[in-house]
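Asks: What would the 3D arrangement of this be:
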Amino acid sequence: MSPARLLAFETLRKVGRGGYASDLLAVGVAALDPRDAGLASEIVFGVLRFQAQLDFLIEHYSGRGLRKLDFDVLLALRMGIYQLRYLDRVPPHAAVSQSVELVKKGGFRSAAGFTNAVLRKVRREAVAWPNRAVELSHPEWLLERWDRQFGPETTAVIARANLLPPETYIRVPAGRAIPSALSVEPAEIPGSYRLLAGEAGPFRIQDIGSQSVVPLLDLASGQSFLDLCAAPGNKTAQALESGVRAVACDLHAKRVEMLKVLDASVVHLDGTRPLPFGRRFERILLDAPCSGTGTLARNPEIKWRLQPSDLKELHRRQVVLLRNALEVLAPQGVLVYSTCSLEREENDDVIEDLGLYPTHIMRRIPGVQPGDGFYAAVIKSS
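Replies: Okay, the predicted model is just below:
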């Protein structure tokens, strides 16, 4: 049994139970050699990105509805078809035989012949997709929302960008030398570099969309700075480059531990409750928990998991977080409210519900600008 395919299969099973692919793979690939780790990641993310296309092809080649298939058999077929149609360097016989072995290993030996027969029908010729939801491999309800907000052409650009592996960016603080072994390209944000070759090494991997938020705060040395939802700490670390006196907070104890490597005061708190500070802050970042629809290239499972009703609860929580953050903003202070969501409920509607008038709004759209999608509103106190 191929270690790469076995890990991919087990990871996709756990994603199906609510796990997140990136977190699961970060642990799982540690025991694999780099080639197997790369193949496992490629299969997992490819299956999740192209899931709608793969499911259509399963029904097309098998003549069966998905509901008639056991979940493990469905996963093995998705993995097999992804390798056969989308990966050039995988021998077809390996994709077929290993998928059959996965079905057997999952306890469905009776489905082994069926799996083999379906995968041997798979070809690479162009397919007439039945609708754009399948072609773009996104839920139709999500595409319709983007149609209304951005227009159909931009919706297609966003969706196609989400089917591509995201580029890697690193954060290089001013004055830090970049090793010659590292091949990078400077990005539009000072200190942000696109990683072309090599390992990030001592530098933080941080998407360019994420790196675009902190500069909106106009930070200066000595300012008091609050990062209310700080983990994993990338934006706090970027803010510390300016010499601010930082307080970094998060709700979850495990995530709070991630912040303790930073040169900042760390506080474990629930930002939806009145904040326990006896002073006000000159600069505040509220990078609010959100749906993450701006990050579907790197977190493709979100698009199959998110429901329209989830946005209402997220909106409610975001309004409370922002209201509480404003209570500790100093006079003449600056607060930046940001999300990695494309959804209006989580962005403009939050600002409007509190009657705020931002001095600047930043929007980054996947496929239009490089990196993840982000929204940020700059709010100045009187």
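
Asks: any idea which helix or strand carries residue 249?
Replies: Assessed by DSSP states H and E, residue 249 sits inside strand 245-250.

Asks: and that strand, which strands flank it?
Replies: strand 224-227 (parallel), strand 265-268 (parallel) (DSSP bridges).

Asks: Of the ones you listed, which is nearest residue 6?
Replies: Residue 6 lies closest to strand 265-268 among these, at 37.6 Å (Cβ to Cβ). C-betas here are computed from N, CA, C, even on glycine.

Asks: what distance separates the strand holding residue 249 from the middle of the whole chain?
Replies: 23 Å (Cα atoms, centre = their mean, to the nearest Å).

Asks: what does it rub up against?
Replies: 222-231, 233, 236, 239-240, 256, 259, 262-269, 271, 277, 281 (Cβ atoms under 8 Å, 6 or more residues apart in numbering).

Asks: same thing with stretch 211-223?
Replies: With contacts defined as Cβ under 8 Å, 6+ apart, stretch 211-223 is touched by 169, 171, 187, 189-192, 225, 235, 238-239, 242-245, 282-283, 285, 287, 334, 336, 338, 360, 362, 364, 371, 374, 376, 378.

Asks: Kindly report the same for stretch 229-237.
Replies: 171, 204, 206, 210, 213-214, 227, 246, 248-252, 255-256, 258-259, 261-262, 264, 271, 285-289, 321.

Asks: ok, now how distant is residue 307 from residue 313?
Replies: 10 Å (Cβ to Cβ, to the nearest Å).

Asks: quick one, domains of the chain?
Replies: 3-130, 208-380 (automatic domain parsing).

Asks: mean pLDDT for those: which is lowest?
Replies: Among these, domain 3-130 has the lowest mean pLDDT, at a mean of 94.

Asks: what's the neighbour count on residue 151?
Replies: Residues near residue 151, counting by other Cβ atoms under 10 Å, number 11.

Asks: which residues touch residue 345?
Replies: Counting by Cβ under 8 Å, 6+ apart, residue 345 has contacts 311, 312, 314, 315.

Asks: In CSV, list those along with secondary structure.
Replies: Listed next are the contacts of residue 345 as CSV, based on DSSP: H, G, I helix; E, B strand; the rest coil:
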residue, secondary structure
311, helix
312, helix
314, helix
315, helix
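
Asks: Show me just the buried residues among those residues.
Replies: When the contacts of residue 345 are checked for burial by 16 or more other Cβ atoms under 10 Å, the buried set is 311, 314, 315.

Asks: My guess is the last one contacts residue 346. True?
Replies: Yes - in this structure, residue 315 is within contact of residue 346 by Cβ atoms under 8 Å, at 6.1 Å.

Asks: So residue 57, which state does it fall into?
Replies: Applying three-state DSSP: residue 57 is helix.

Asks: Out of the domains of the chain, which gets nearest to residue 143?
Replies: Judging those by Cβ to Cβ, what sits closest to residue 143 is domain 208-380, at 10.0 Å.

Asks: ends of the closest one, how far apart?
Replies: Criterion Cα to Cα, to the nearest Å; first-to-last residue distance in domain 208-380 is 24 Å.

Asks: And stretch 159-175, by the same measure?
Replies: 38 Å.

Asks: what about the nearest residue to residue 340 once chain neighbours are set aside, neighbour count?
Replies: Counting by Cβ to Cβ, 6 or more residues apart in numbering, residue 340 lies nearest to residue 294, which is 4.3 Å off, once chain neighbours are set aside. Close neighbours of residue 294, defined as other Cβ under 10 Å, add up to 30.

Asks: go on, residue 336?
Replies: Neighbour tally, residue 336, other Cβ under 10 Å: 24.

Asks: can you tell me which residues contact it?
Replies: 213, 214, 216, 217, 284, 285, 286, 376, 377, 378, 379.

Asks: Which element is encountered next along the chain beyond the helix or strand encompassing it?
Replies: Here residue 336 sits within strand 329-339, counting by DSSP H and E. Per DSSP H and E, the first helix or strand lying C-terminal to strand 329-339 is helix 348-353.

Asks: Check which residues of that following helix are buried.
Replies: Buried, per 16+ other Cβ under 10 Å, within helix 348-353: 348, 350, 351.

Asks: now stretch 80-89
Replies: Quick answer for stretch 80-89 (16+ other Cβ under 10 Å): 80, 81, 82, 83, 84, 85, 86.

Asks: again, but for stretch 102-114
Replies: Neighbour counts over stretch 102-114 (16+ other Cβ under 10 Å) mark 102, 103, 106, 108, 111, 112, 114 as buried.
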